[in-house]
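Chemist: just a sequence and a predicted model for now, questions to come.
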Amino acid sequence: MKILITGACGFVGSCLARELPSVLPGIEIWGLDNFLREGSRANLPNLKSLGVKMVEGDIRRPADLAKIPKVDWVIDCAAEPSVLAGTSGKMSSMDLLDHNLIGTIQMLEFCKQHSAGFILMSTSRVYSIPPLASVPVESVQGAFRPKSFRPEIGLTEKGISEIFPTTPPASLYGTSKRCSELLALEYAEAFGFPVWINRCGVLAGAGQFGRADQGIFSFWIRSWKDKKLLKYIGFDGRGSQVRDCLHPRDLLPLIQKQLQGRKPSDSSDVIDVCICNFSGGAKNSISLAQLSDWCRARFGPHEVGSDPQPRPYDLPWVILDSTRATKLWNWHPKTSLETILSEISDG
């Protein structure tokens, strides 16, 4: 079996490229990366030493995709991951859509050409912001939790399920990923190749460089360790906002089944069976204030500033409900929160 991993030298792509042969012996992995992200080139020597056939190229350029042979599957990990992308910083809105949407279209055309299956690594940020922002929350031991739940719209005690609204606004980033999901499903129907859409919570572990766009866990731990400026932003400036986290290696049993063409079980009553949430869930969730306590115990004291002014697209509580993944794929997260945090701090 030949597979292509896009964004292969990024955090998620490189983890999958390193680990997939352990669950699929004999697999041939091709990697594509444009190395625009700072630090990504550092992963290149290790991947080459493991036999990954790396191509320097951009998913948006058909000429670069022509360098890749016919493959059986594409795992699309190439994306601009920041929820603020396109609205702040150096990246324009057009650049964001070019990366996250036009790039996906080019990969879907590639799959159409080769009759290859397509796995899209998607995100929790496809879910609509207004209903999440308006959920009444209370702070308990320094962490927000909803005061009530609405299972009928997909807000459960386990988190946000796949039936939760995805209507805009969800940020330009979130909507670009949702559009990619919809186009992937349309291509699958029109051209008859398999598609799986894996919506992930915050992915975290060793090998991240501590930038904010790589997720709050790596950014906070590395910044604390290096005594860099940290600040609680919004929500009264107390750091009660909560996220869950997931190590990408926990996706390996799932992706193994998807690549082998195994069908989900017990899917007769599931709408959009191709779409599932995969996350660490409530057990792997933590607030910024609690993460600060963890860092303080490990690294010693560090001052954290406070700015109660809200920031665009910020939410008080984002935990994904992976019940559907458990039902369809018998999937559970394996790596504990403590292990993930320790791996980041030691990396």
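Modeler: Right, received. Where do you want to start?

Chemist: which residues touch the host helix or strand of I286?
Modeler: When elements are assigned from DSSP states H and E, I286 belongs to strand 285-287. Applying CB atoms under 8 Å, 6 or more residues apart in numbering, the contact partners of strand 285-287 are 142-144, 239-245, 294, 319, 337. For the C-beta atoms, the positions are set from N, CA and C on the backbone; glycine is no exception.

Chemist: from these, pick the one nearest L203.
Modeler: Using CB to CB, C245 comes nearest to L203 of these, at 7.3 Å.

Chemist: may I have the phi/psi pair for that closest one?
Modeler: Main-chain torsions, C245, degrees, to the nearest 10: phi -140, psi 160.

Chemist: ok, it - contacts?
Modeler: Contacts of C245 by CB under 8 Å, 6+ apart are 201-204, 215, 217, 279-280, 284-286, 337, 340.

Chemist: tell me the two of these that are most distant?
Modeler: Using CB to CB, the two most remote members of the contacts of C245 are L203 and I286, lying 14.9 Å apart.

Chemist: more crowded one of those two?
Modeler: Counted by other CB atoms under 10 Å, L203 and I286 do not tie: L203 has more neighbours, with 27 against 23.

Chemist: ok, which stretches of the stretch 51-200 of the chain are helices?
Modeler: Assigned helices in the stretch 51-200 of the chain, in chain order: 62-65, 93-97, 103-114, 129-133, 171-191 (criterion: DSSP state H, counting those that start in this stretch).

Chemist: counting by contacts, list what the longest one packs against.
Modeler: For helix 171-191, the packing partners by 3 or more CB pairs under 8 Å, 6 or more residues apart in numbering; DSSP states H and E come out as helix 93-97, helix 103-114, strand 117-123, strand 195-200.

Chemist: got the buried residues for that helix?
Modeler: Within helix 171-191, the residues that qualify as buried are 171-181, 183-185, 187-188, counting by 16 or more other CB atoms under 10 Å.

Chemist: do the shortest one as well
Modeler: The neighbour-count check on helix 62-65 (16+ other CB under 10 Å) flags D64, L65 as buried.

Chemist: and for stretch 301-317?
Modeler: By 16+ other CB under 10 Å, the buried positions in stretch 301-317 come out as H302, V304, Y313, L315, P316, W317.
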